[in-house]
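Undergrad: please work out how this folds:
(one chain, ligands or ions: 1)
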Amino acid sequence: MKETPTAQVWIELSAEPGRPLICSACGRAVSQVHDCRLREIRDLPILEAQSHLPLFPRRVLCPHCGPKLEPLPWRDRYAHVTKPLAENVARRSELLPIRHVAQYYGVHWETVKQIHKQYLQRKLVGQLL
Ligand SMILES: [Zn+2]
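TA: Model (predicted):
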């Protein structure tokens, strides 16, 4: 097993200009942003360095549903890791102890445990091959 990547890469993301606001609950186009709060999202390592994505996910003000997070295709709602990182963590957790996977990716043990648990639940209901 490789050592834990200790170098870090920070990539600041911002909303694509002109990207329409969409309510994640009903899927309707929305005209107002309710608020944005800084979140640090983790992604797959880049050249052995831990990657961090500081992001201001927008909560839209939907007239039908109230404040809702804007959907992002590469991140599950409220997740602190990207879908590709979660997928890699889940697959490595099939082969290695959770502690080793957490150490390799530099994420908390509880995060790995939660990701693996969700992966196994999806696998059990046949959502994964
Ligand atoms: Zn809505």
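Undergrad: so where's the longest helix in this protein?
TA: Ranked by residue count and defined by DSSP state H, the top helix of the chain is helix 109-124.
Undergrad: just checking, what packs against it?
TA: Judged by 3 or more Cβ pairs under 8 Å, 6 or more residues apart in numbering; DSSP states H and E, helix 109-124 is in contact with helix 83-93, helix 98-105. For every residue, glycine as well, the C-beta is placed using N, CA and C.
Undergrad: give me the buried positions along it.
TA: For helix 109-124, a neighbour-count test (16 or more other Cβ atoms under 10 Å) marks 111-113, 115-116, 119 as buried.
Undergrad: how far does that helix sit from the chain's center?
TA: 14 Å (Cα atoms, centre = their mean, to the nearest Å).
Undergrad: quick check: angle from that helix to helix 98-105?
TA: Interaxial angle of helix 109-124 relative to helix 98-105 (axes from the mean of the first three to the mean of the last three Cα atoms, to 10 degrees): 110 degrees.
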